[in-house]
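> Provide a 3D model corresponding to the input given below.
(chains A, B, C and D)
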Number of protein chains: 2
Amino acid sequence: MDHAHDPQRLVALVERILDPDDAELLAERFKLLADPGRVRMVSALVEAGELCVCDLAEVVGSSESATSHQLRQMRLAGLVRARKQGRSVYYRVADSHIRLLLDVAVEHYLHGDPR
Amino acid sequence: MDHAHDPQRLVALVERILDPDDAELLAERFKLLADPGRVRMVSALVEAGELCVCDLAEVVGSSESATSHQLRQMRLAGLVRARKQGRSVYYRVADSHIRLLLDVAVEHYLHGDPR
DNA sequence: TGAACATCTGAGGTGATGTTCATGTATATC
DNA sequence: GATATACATGAACATCACCTCAGATGTTCA
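Residues are numbered from 1 along each chain as shown, chains lettered A, B, ... in the order given. You can find the predicted model right below:
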């Protein structure tokens, strides 16, 4: 017996999975955490609460320009917020979603629990 | 008054954030979900439990070759597992981590709760 | 055995991504 | 006002990621 290829089942399945727009949106969010530098930045911001660009750059070990570029991305995506004070700009994570997502990922991928 | 630039604070902070290796590993994981096509594939596999390549390709609306390439990526990363039966290969999600991560993301980014 | 099918794989093109470098702007200090 | 600092921005460049296409492998069936 061959496999099903049941058209009805497939049509019904399409109805239940993420539609293209939602998938695009989710992928955009995951993309922001799909870079080691940005993950460390978010980690640092979560730990410190708030950091200016040059301090953040030093903590993650990247140039200020590269850091600024990354922060711009995350700021435009609404992932971090900026507060200007004097000539410094302090960044913080904007919402708790990223915090939670990072926590879940760390918990499950780094701290054992292989299933 | 200028901002702190407190070296001790920064050194202490570096100790507490994700180290480069862990950040790399996490980023790799997030990268797998950072593509609309893969997100839909995972969504379909979670919903259906198991799907062969051609059905999966049809459900997500992608070519079989592209789908196979994506599956290979996810398979090598240990995200999905393959079961061969006849000339078909059935894929399923390998661990519950991705399932959880996807659920959390869907819950927080798609289903309201803007904070 | 031959033909159709399901899947995999490598090569190549193209667009996205991240970095550096140079420069621009705003603020603080002298 | 001149200079230094903190950050932002745009261009150039290298790299990576994803797709298509062509072809190879393994399987089923007549």
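
> could you dump stretch A:102-115 to PDB, C-alpha only?
Backbone C-alpha positions of stretch A:102-115 (Å, rounded to 0.1, in the frame of the first residue of the first chain) are rendered in PDB as follows:
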ATOM      1  CA  LEU A 102      15.400  33.600  26.100                       C
ATOM      2  CA  ASP A 103      14.700  32.000  29.400                       C
ATOM      3  CA  VAL A 104      12.900  29.100  27.900                       C
ATOM      4  CA  ALA A 105      15.700  28.500  25.400                       C
ATOM      5  CA  VAL A 106      18.400  28.700  28.000                       C
ATOM      6  CA  GLU A 107      16.500  26.400  30.300                       C
ATOM      7  CA  HIS A 108      16.000  23.800  27.700                       C
ATOM      8  CA  TYR A 109      19.000  24.000  25.500                       C
ATOM      9  CA  LEU A 110      21.800  24.800  27.900                       C
ATOM     10  CA  HIS A 111      20.700  23.500  31.300                       C
ATOM     11  CA  GLY A 112      20.400  19.800  30.400                       C
ATOM     12  CA  ASP A 113      16.900  18.300  30.300                       C
ATOM     13  CA  PRO A 114      17.500  16.500  27.000                       C
ATOM     14  CA  ARG A 115      13.800  16.000  26.100                       C
END
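
> buried stuff in it?
A:102, A:104-106, A:108-109 (16 or more other C-beta atoms under 10 Å in any protein chain shown). All C-beta spots, glycine's among them, are computed from the backbone N, C-alpha and C.

> now do stretch A:37-55
A:37-48, A:51-53, A:55.

> quick check: mean pLDDT across that stretch?
For stretch A:37-55, mean pLDDT is 97.

> the spatially most central residue of chain A - nearest residue in space that isn't next to it in sequence?
The residue at the geometric middle of chain A, judged as the C-alpha nearest the mean C-alpha position with C-alpha atoms, centre = their mean, is A:Leu33 (3.3 Å). Beyond its immediate neighbours in the sequence, the residue positioned closest to A:Leu33 (C-beta to C-beta, 6 or more residues apart in numbering or on different chains) is B:Phe30, lying 4.2 Å away.

> which strand or helix spans that neighbour?
Secondary-structure element containing B:Phe30, defined by DSSP states H and E: helix B:20-32.

> before we move on, what about A:Tyr90?
Using DSSP H and E, the element containing A:Tyr90 is strand A:88-93.

> A:Asp103 too?
According to DSSP H and E, A:Asp103 maps onto helix A:96-105.

> returning to what we had before: out of the buried residues of stretch A:37-55, name the ones that lie in helices.
Among those, the subset assigned to helices under DSSP state H consists of A:37-48, A:53, A:55.

> one step back: residues in contact with the residue nearest to the centre of chain A?
Under the criterion of C-beta atoms under 8 Å, 6 or more residues apart in numbering or on different chains, the neighbours of A:Leu33 are A:39, A:42, A:98, A:101-102, A:105, B:26-27, B:30, B:34.

> sorry, back to before: ok, and which of the buried residues of stretch A:37-55 reach chain B?
Taking C-beta under 8 Å from any C-beta of the partner chain, the overlap between the buried residues of stretch A:37-55 and the neighbourhood of chain B is A:37-40, A:43-44, A:47-48, A:52, A:55.

> which regions of chain A lie under the pLDDT threshold?
With pLDDT under 70 as the threshold, chain A has low-confidence stretches at A:1-4, A:112-115.

> same thing but at 90, please
Under the criterion pLDDT under 90, the flagged ranges of chain A are A:1-7, A:95-98, A:108-115.
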